[in-house]
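>>> this is a predicted model, with the sequence first.
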Number of protein chains: 2
Amino acid sequence: MTTDAEYLRRAILLAVDNVLAGAGGPFAAVVVRDGVIVGEGANSVTRTLDATAHGEVNAIRDACRRLGDFLLRGCTLYSSCEPCPMCLSACYWAQIDRVFFGATQEDAAAVGFGDEALYRQFSLPTDERSLPASGLLRVEAQVPFQTWLNSKLRVEYGALPIS
Amino acid sequence: MTTDAEYLRRAILLAVDNVLAGAGGPFAAVVVRDGVIVGEGANSVTRTLDATAHGEVNAIRDACRRLGDFLLRGCTLYSSCEPCPMCLSACYWAQIDRVFFGATQEDAAAVGFGDEALYRQFSLPTDERSLPASGLLRVEAQVPFQTWLNSKLRVEYGALPIS
């Protein structure tokens, strides 16, 4: 029986290997279901030139691919570091059951990463955030939704079991 | 001179087309730099079996690929709907300058999407969130960071110009 600590150690090891290989940042994650590793990923932002290629996102994409499912219900994600808001949200969208992490967002900040600052943005009112975001054409923008509701090709997703 | 409204209309059109093609959810985005579209993406969660394949993430990935850069400084993102926390975070990591969106998170909620509920999770203390996340092995988890600080292969990224 592999323990939570052992899966997390695997994620930490992958993060170290990733740095030693010069393949990206010091972050990696492992996705486990029913005692089996079903996805792994290490940060590849600078190697694959993809701002979204964090360890957890890569691990989730890998698990989705291997399991042939856009939902990862029943899975636990082990990350070498506390997931940033992007990666935590990805866990919600994939409906992952549980997360274990090693280092904290404060630890990541101490070595130069913006995770903690990004979390702070979410506690600010929209108009006080550093990244200006403005609404426009709200009426026209309902057309995709109406098209969706009327579509016979619709494959449901995107509801979340949270309130 | 293409206006913000016109770029946003393009994103809305891509979202409609995406639904009509049965290719995914009713969301799409366009990335623009210096008056040129440098990235486009529509939601492909159910088609590509990837929980992270939202319209904005796909557009950011496309722009990164086309521009050969993991940063999208000087770019504006136009999204058919207000970016969810995952996509908004992706905009921060890519250092996108500005976001315009059509529908709101409330509009998305009205047709069954969890965006608004997910935003609410970020306003809760960690231990009150629906997705349990626990820290473990914090000391061991510093090793990737120490390896990173000592690496000659390090390619810097992940700092954010926010406080």
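Perfect, I can see it now. Since the model is a prediction, treat every value here as computed from it, not as a measurement.

>>> give me the neighbour count for A:Val57.
As a burial measure, the neighbour count of A:Val57 was computed by other Cβ atoms under 10 Å in any protein chain shown and equals 30. Where you see a C-beta, it was placed from the backbone N, CA and C, and this is true even at glycine.

>>> check whether it really touches A:Met86, as I assumed.
Yes. Look at A:Val57 against A:Met86 with Cβ atoms under 8 Å: they come within range, at 6.9 Å.

>>> so which residues of chain A form strands?
Here chain A has its strands, by DSSP state E, at A:28-33, A:36-42, A:75-81, A:98-103, A:133-135.

>>> quick one, which of these is packed in tightest?
Using mean count of other Cβ atoms under 10 Å in any protein chain shown, the stretch among the strands of chain A with the greatest mean number of neighbours is strand A:75-81 (a mean of 29).

>>> partner strands of it, with direction?
Sheet pairing here is set by DSSP bridges, and for strand A:75-81 it gives strand A:28-33 (antiparallel), strand A:98-103 (parallel).

>>> just send those back as JSON lines, with distance to B:Ala28 too.
Formatted as JSON lines, the strands paired with strand A:75-81 follow (distance: least, Cβ to Cβ, whole Å):
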{"stretch": "strand A:28-33", "distance to B:Ala28": "28"}
{"stretch": "strand A:98-103", "distance to B:Ala28": "29"}
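
>>> dump those to JSON lines, plus mean pLDDT and distance to B:Arg154.
Compiled in JSON lines, the strands paired with strand A:75-81 are given as follows (pLDDT from 0 to 100; distance: least, Cβ to Cβ, whole Å):
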{"stretch": "strand A:28-33", "mean pLDDT": "98", "distance to B:Arg154": "16"}
{"stretch": "strand A:98-103", "mean pLDDT": "98", "distance to B:Arg154": "17"}
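
>>> so which of these is nearest A:Glu156?
strand A:28-33 (22.1 Å; Cβ to Cβ).

>>> what comes into contact with the helix ranked longest in chain A?
Under DSSP state H, the helix in chain A containing the largest number of residues is helix A:4-20. Contacts made with helix A:4-20 from outside it, assessed by Cβ atoms under 8 Å, 6 or more residues apart in numbering or on different chains, are listed as A:24-30, A:32, A:37, A:40, A:42-44, A:55, A:76, A:78-81, A:100-102, B:136-137, B:140-141, B:143-144, B:147-148, B:151, B:153-154.

>>> with stretch A:141-161 instead?
Applying Cβ under 8 Å, 6+ apart, the contact partners of stretch A:141-161 are A:70-71, A:92-93, A:95, B:8, B:12, B:15-16, B:18-22, B:24-28, B:45-47, B:80-81, B:101-103, B:107-108, B:110-114, B:117-118, B:130.

>>> and that stretch, how far out from the chain's middle?
For stretch A:141-161, the distance between its averaged C-alpha position and the chain's averaged C-alpha position is 23 Å (Cα atoms, centre = their mean, to the nearest Å).

>>> buried residues, that stretch. List them.
Going by neighbour count (16 or more other Cβ atoms under 10 Å in any protein chain shown), the buried part of stretch A:141-161 is A:Ala141, A:Gln142, A:Val143, A:Pro144, A:Phe145, A:Thr147, A:Trp148, A:Arg154, A:Tyr157, A:Gly158, A:Leu160.

>>> from the residues you listed, which two are the most distant?
Using Cβ to Cβ, the buried residues of stretch A:141-161 reach their maximum pairwise distance at A:Val143 and A:Leu160, which is 23.8 Å.

>>> once you drop chain neighbours, what's closest to A:Ser80?
For A:Ser80, the nearest residue in space outside its immediate sequence neighbours is A:Ala15; the separation is 4.0 Å by Cβ to Cβ, 6 or more residues apart in numbering or on different chains.

>>> A:Leu71 contacts A:Asp97, doesn't it?
No. No contact is recorded between A:Leu71 and A:Asp97 when judged using Cβ under 8 Å, the distance being 11.0 Å.

>>> please tell me how far A:Ala133 sits from A:Arg9.
Counting by Cβ to Cβ, to the nearest Å, the gap from A:Ala133 to A:Arg9 is 39 Å.

>>> low-confidence ranges in chain A?
Per-residue confidence for chain A (pLDDT under 70) gives no ranges below the cut-off.

>>> contacts only, for the most centrally placed residue in chain A.
Most central in chain A under Cα atoms, centre = their mean is A:Cys87, positioned 2.3 Å from the mean C-alpha point. With contact set as Cβ under 8 Å, 6+ apart, A:Cys87 has these partners: A:Ala29, A:His54, A:Gly55, A:Glu56, A:Val57, A:Ser79.

>>> which one of those residues is nearest to chain B?
Minimum distance to chain B across the contacts of A:Cys87 is 5.4 Å, recorded for A:Val57 (Cβ to the nearest Cβ).

>>> contacts only, for that closest one.
The contact partners of A:Val57, taken as Cβ under 8 Å, 6+ apart, are A:Gly41, A:Met86, A:Cys87, A:Ala90, B:Thr52.

>>> does the first one touch A:Arg61 like I think?
Spelled out, that is A:Gly41. Yes. Under the criterion of Cβ under 8 Å, A:Gly41 lies in contact with A:Arg61, with a separation of 6.9 Å.
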